[in-house]
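Novice: Just a sequence and a predicted model for now, questions to come.
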Amino acid sequence: NGIIIFNKALGNIENTSIYHNNLCGIEVRESCSPNIKNCKINYENKYGILFTEKSMGLVENCEISDNSSSGIEIRDKSNPKILNSLVFRNNENSFLFTNNAQGEIENCDIFDSNYGLEIKKGSNPIIIDSRIYRNNKAGILISENSKGIISNSDIYDNNFSEIEIRDKSNPLIKLSAIHNSKNIGILIHSEGKGKIENCTIFDNNNHGIEISGESNPYISKTKISKNKSNGLSITEKSNVTIDDCEVLKNDLIGIESKENSVLLLSRSKIIGNKSSGIVITTTSDNTIEECEISENASNGIHLKDKAHLILRYSLVSASKKQGILIFDSKGIIENCDIFNNKLSGIEINQKGESLIRKTKISKSAHSGVLVDNNSTVKIEDSDIFSNNKPNILITKESSILIRTSNIFDGKQSGIFSYKKAQGIIDDCDIYNNDL
């Protein structure tokens, strides 16, 4: 090593160049706490600086680069602070936290390594006001039951994902910009968790967030926009809660949930995506409440392949196709406002089932409700009006029960049934329709 500090020693190392040593530029161990300032530490055979065995210390205004393994490795419950430093062009990681390490990184630039930061084996550091960019794999990799706080940071232009969370790890990511990844903005997999709040996730080359492998994150107050694929992709039995978010103008689907995953979505805006706003496939126990889903280029909401959804207190409007398409699936729609969609307000098709209660369905370019291909629908206490085709259209051996509802001001029939469709109408007002 260039310098070894051990046995609870202190010390100041300033304005020094440390390079070409066989193992480390500086090794700090056995509960030591040095100050390392204004130094250049590079071209070491393994680590630039190694903190181990409950060591602490301060690294400030340093440049740490071109080391064969890590720029700074922190392990074994060590807890140093790194300020105002450049850590870059290291062969493996700029920072490695392992074996229950802690530590704080503030106002650092971390770039051009394999991983910017790797946090593993129960480690729990804090990263504040830093820039993490141009790394060959993830900007930050968090694995093996680790935690960590990432705050007020700019994470961008990394080759794989900006942040990867896996193996039951559970970090907090807040007040950060996550953008321009060559692949995914945030990847959560293999039972990963995590809380993401008050972030902006945008312009990534694949999904904004991808969640797979029975993962379970919580996402709040976050804007996910202009990603080249989906805003969020949820697969493989994952369970995701999204609250008070905006999912806007993504190149494919706003939110896609499939493969027996569960989506709990509340108080969010899903607007202007270039395919459907929300697609739910082969999943159950999904709930959407108090959301605005509008101006999406395909369906507002699309359920297919035996998906189940409860939709409450939401607005679904200005979709370029159906407001809601229920295809071989089941949906409960309550206290919603569905209007100005280019095809039907709600279409239930291919043995689909739906309960529509206390909902307004209006101003569709096609029917307000279309029930097709052996589907079954129950409508209660709803207003269906001012649609351009029959307010309710039932066809191809489908059946409907309509109770205590108002069906009026249709541009064609109030209710039109054909091709062996059947229904019961009970205690409804049907008036002022044009045919």
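Specialist: Ah, there it is.

Novice: mind showing which ranges of the protein have poor pLDDT?
Specialist: Within the chain, no range satisfies pLDDT under 70.

Novice: Tell me which residue lies nearest the centroid of it.
Specialist: Closest to where the C-alpha atoms of the chain average out (CA atoms, centre = their mean) is Ile209, at 3.8 Å.

Novice: Which strand residues bridge that one?
Specialist: For Ile209, the beta-bridge partners are Ile186, Leu232 (DSSP bridges).

Novice: For it, list the residues it contacts.
Specialist: Taking CB atoms under 8 Å, 6 or more residues apart in numbering, we find Ile209 in contact with 184-188, 196, 201, 219, 224, 231-233. Every C-beta, even on glycine, is put in place using the N, C-alpha and C of the backbone.

Novice: and Glu290, how many neighbours?
Specialist: The tally of other residues near Glu290 (other CB atoms under 10 Å) stands at 15.

Novice: Contacts only, for it.
Specialist: Residues in contact with Glu290 (CB under 8 Å, 6+ apart) are 266-267, 312-314.

Novice: hmm, 10 Å instead?
Specialist: 243-244, 265-268, 312-315, 335 (CB atoms under 10 Å, 6 or more residues apart in numbering).

Novice: ok, of those, which come out buried?
Specialist: When the contacts of Glu290 are checked for burial by 16 or more other CB atoms under 10 Å, the buried set is 243, 265-268, 312, 314-315, 335.

Novice: Just name the closest of those residues to Ile4, please.
Specialist: In terms of CB to CB, no member of the buried ones among the contacts of Glu290 lies closer to Ile4 than Asp243, at 50.0 Å.

Novice: quick one, what contacts the closest one?
Specialist: By CB under 10 Å, 6+ apart, the contact list for Asp243 reads 197, 218-222, 264-268, 289-290.

Novice: how about 7 Å then?
Specialist: By CB atoms under 7 Å, 6 or more residues apart in numbering, the contact set of Asp243 is 220, 266-267.

Novice: now do His179
Specialist: Going by CB under 7 Å, 6+ apart, His179 touches 156, 201-204.

Novice: just Lys274 next, same as before
Specialist: 250-252, 297 are the contacts of Lys274 under CB under 7 Å, 6+ apart.

Novice: Give me the secondary structure label for it.
Specialist: coil (DSSP: H, G, I helix; E, B strand; the rest coil).

Novice: got it, and Gly331?
Specialist: strand.

Novice: what do you get for His207?
Specialist: Each residue gets one of three states, and His207 gets coil by three-state DSSP.

Novice: was I right about it contacting Ile234?
Specialist: No - His207 is beyond contact range of Ile234, at 9.8 Å (criterion: CB atoms under 7 Å).

Novice: so who does Val371 touch?
Specialist: The contact partners of Val371, taken as CB under 7 Å, 6+ apart, are 348, 377, 394, 398, 400.

Novice: If any of the residues you listed are buried, put those into a PyMOL selection.
Specialist: Buried residues within those, by 16+ other CB under 10 Å, are selected in PyMOL with:
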select buried, resi 348+377+394+398+400
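
Novice: could you dump the contacts of Asp243 to a markdown table with distance to Asp167?
Specialist: Formatted as a markdown table, these follow (distance: CB to CB, whole Å):
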| residue | distance to Asp167 |
| --- | --- |
| Ser220 | 23 |
| Ser266 | 28 |
| Arg267 | 31 |
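
Novice: May I see those residues organised as CSV, with secondary structure added?
Specialist: CSV is the format used below for the contacts of Asp243 (three-state DSSP):
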residue, secondary structure
Ser220, strand
Ser266, strand
Arg267, coil
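
Novice: nearest to Glu106, of these?
Specialist: The shortest approach to Glu106 among these belongs to Ser220, at 24.5 Å (CB to CB).

Novice: wait, doesn't the closest one sit right on Glu197?
Specialist: Yes - at 4.7 Å, Ser220 and Glu197 qualify as touching, with contact defined as CB under 7 Å.

Novice: mind saving the C-alpha coords of stretch 152-171 as CSV?
Specialist: The C-alpha atoms that make up stretch 152-171 are tabulated as CSV, following Å, rounded to 0.1, in the frame of the first residue of the first chain:
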residue,chain,number,x,y,z
ASN,A,152,-31.0,15.4,-5.0
SER,A,153,-28.8,13.6,-7.5
ASP,A,154,-28.5,13.6,-11.3
ILE,A,155,-28.1,10.1,-12.8
TYR,A,156,-27.8,9.9,-16.5
ASP,A,157,-26.2,8.5,-19.7
ASN,A,158,-25.3,5.1,-18.2
ASN,A,159,-25.1,2.2,-20.6
PHE,A,160,-27.4,-0.3,-18.9
SER,A,161,-29.7,1.2,-16.3
GLU,A,162,-29.4,4.3,-14.3
ILE,A,163,-30.3,2.5,-11.1
GLU,A,164,-30.7,-1.3,-10.6
ILE,A,165,-32.3,-2.7,-7.4
ARG,A,166,-32.4,-6.5,-6.7
ASP,A,167,-32.2,-9.3,-4.1
LYS,A,168,-34.7,-7.8,-1.6
SER,A,169,-32.9,-4.5,-1.4
ASN,A,170,-34.9,-1.5,-0.3
PRO,A,171,-33.4,1.9,-1.0
